[in-house]
Structures are given as C-alpha cells and as structure tokens.
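Visitor: My questions are about this predicted structure, shown below with the sequence.
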Amino acid sequence: MKQSTQSTQLQYLRPMLHEDLTEVMVGELASYPYPWTLGNFKDCIDNKAYSCWVFQQGKQLNGHVVISAVVKEAHILNICVYPELQGKGWGRKLLAEAEAIAEKHDAETVFLEVRPSNKAGINLYQSEGYNEIGLRKGYYPADNGREDAVVMAKTLVFKSL
C-alpha cells in the first residue's frame, strides 16, 4: 500500500470484484459520455485474459483500469479516474500502476487508444513516454457519428540484441 501525498487515507490498487461493479459503473458513467457497459466489466472480470483493478482510497473507489496482456504486449483497454480526482495527478499514478501490472505480465510494450478530443489524456500519455503510432478511423461512438482513436504505445523494457 502507498501513502497518499494528497490525503492521509491509504490508497491502493486491488483486483476488481463483482461486488465493486455498482460503484465502478457510477464512476464510469460520471467520467465518459460513452461509457463501458456493466456487461463489459462483468465479461472482463470473468475472463482470465483480462486484468481488472480498482483504485481505492479509504473505502471509496476512485478509479479503475482494465488491461489485456498477451505475448510481450499489454493493452490498456479502460483507464478511468473518477471526476472528483481528475486534474490532481491521480491519472498519472493510475497509469504508472497499469504499467507495473503490464510488466508483471512480462509486457515489453503497452498500447492504448485515446480520443483526439481528449487533450488532457493525450498530454498525460505523451508526458509519460507514449508515442502516437497510428489512427483507428471511426473507433469511438460520438454525438455526430463516430470519432477516430489515436493509437499510442510505450516501450517498457529495452532488451539488447
């Protein structure tokens, strides 16, 4: 467990449980105009191909992350800091935790998608060493049809040849 610099309450990451899903959905719905569904989270918890975590401070959940890791690669599928903590450095902490989980799964590269309209997210990822490697056309639902996704990647491990 880590001691928070912004609060005297302990903060930590722990595996997401079915019992967390009501609170996870409250945070997800408050954070995104097009959130994941309850079924998405249930499927990920039930499928061992996914690593699902909640970010907890005291008794309150303040974020979550879902990762898929296969063959030296990890994909951050969903990363969310709930609105009351956004803009306070918690996204950076949750991203670092996600990368640590990816490393435990022997991932050398982490991938993610982000909406081009999510300037704060893009800035965070770039400041943490992620680089744009592509664009997925029409990836996200949007008010006026579909929005593209910027595909970003970060190398976690440099291996000598």
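Guide: Thanks, I have the structure now.
Visitor: What residues does the residue most central in space within the chain make contact with?
Guide: Geometric centre of the chain, nearest residue: residue 79, 1.9 Å, by CA atoms, centre = their mean. For residue 79, the contact set (CB atoms under 8 Å, 6 or more residues apart in numbering) comprises 63, 64, 65, 66, 91, 94, 95, 98, 112. C-beta here means a position set from N, CA and C on the backbone, and glycine is covered the same way.
Visitor: do residue 75 as well
Guide: Applying CB under 8 Å, 6+ apart, we find residue 75 in contact with 67, 68, 69, 110, 111, 112.
Visitor: In the protein, where is pLDDT below threshold?
Guide: 1-10, 158-161 (pLDDT under 70).
Visitor: Just the buried ones from the contacts of residue 75?
Guide: 67, 68, 69, 110, 111, 112 (16 or more other CB atoms under 10 Å).
Visitor: Where does the first one sit, in terms of helix or strand?
Guide: Right, residue 67. Residue 67 is part of strand 60-70 when elements are defined by DSSP states H and E.
Visitor: now the helix or strand following that strand, how far from the chain's geometric center?
Guide: Going down the chain from strand 60-70, the next helix or strand is strand 73-81, by DSSP H and E. Mean C-alpha position of strand 73-81 versus that of the full chain (CA atoms, centre = their mean, to the nearest Å) differs by 4 Å.
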